[in-house]
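One predicted model, sequence on top.
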Amino acid sequence: MLAYNSFGSGGIWSNLLYTIQNVYLGVALGLVAGYMLGLGMARAPRFRRFALTPVVILGAVPVLALQPFLSLWFGTSRLATNGLVIFYTALTVAGAVRFAAEAAEARYGDYAASLGMSSTRVTWSVVLPATVPPTLGVLRAATALGWGFQCIAEVLGGRVGAGRLVRTFADGTLTAGVIGVLVCVGVVAVITDAIIAMIGRWAVRWNE
């Protein structure tokens, strides 16, 4: 049945691997974009005036409402299915980085400047370290929700992936297959979260 529905010969493993790759890629792209956006809004007043309104408006848009538009614009490509993960991760990371950077600047900026630090040095030595703990926390949350967004996108318009497997098994009333795919995704999600938490503890071992 899987081969008949254009899944090829890889079965469940190849489709689960496709979903894993998409989530990791989407979270990575969203992390980079969101971090740069949040840092730019915190450290560049002109950029903040330009970007703040669009970010606030986009943050009020329901994430799942974007999937039909992504499907219309990009079809069933990989970008269309992991666009939700990229969008949500970028917005959440941008907000966390912006608030953390502004708080660090307000608390330590004047003291650092009184010691003779330049604005660039303050960014590297004060602001960037202060943004690491909240970024890691938001990254865990975004990754956890990313699995759901990715599977939903694949259910609605994907050609392959764990979400498409769930849809195919559900259409064939194969409840055991649906539960099996969800268990596999859940196991991978738990392992991924544990790895991120372990890296986070190592990265902020200086934090009190």
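Nice, thanks for sending it over.

Helices of this structure, start to end?
11-43, 45-59, 67-74, 78-114, 119-122, 128-157, 162-171, 175-203 (DSSP state H).

ranking these by mean pLDDT, which is last?
Of all the helices of the chain, mean pLDDT reaches its minimum on helix 67-74 (a mean of 68).

quick revisit: may I see the helices of the chain organised as a markdown table, with mean neighbour count added?
C-beta: built from backbone N, CA, C; applies to glycine. Formatted as a markdown table, these follow (neighbours: other Cβ atoms under 10 Å):
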| stretch | mean neighbour count |
| --- | --- |
| helix 11-43 | 20 |
| helix 45-59 | 12 |
| helix 67-74 | 15 |
| helix 78-114 | 20 |
| helix 119-122 | 14 |
| helix 128-157 | 20 |
| helix 162-171 | 22 |
| helix 175-203 | 14 |
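
give the contact list for Val188.
By Cβ atoms under 8 Å, 6 or more residues apart in numbering, Val188 lies in contact with 16, 20, 147.

what sits against the last one?
In this case it means Trp147. Counting by Cβ under 8 Å, 6+ apart, Trp147 has contacts 19, 23, 185, 188-189.

and if you look at the second one?
By Cβ under 8 Å, 6+ apart, Ile20 lies in contact with Val188.

Quickly note the distance from it to Asn82.
Ile20 sits 11 Å away from Asn82, going by Cβ to Cβ, to the nearest Å.

do the first one as well
Remark: distance between Leu16 and Asn82 (Cβ to Cβ) = 15 Å.

Likewise for Val185?
On the measure of Cβ to Cβ, Val185 and Asn82 end up 14 Å apart.
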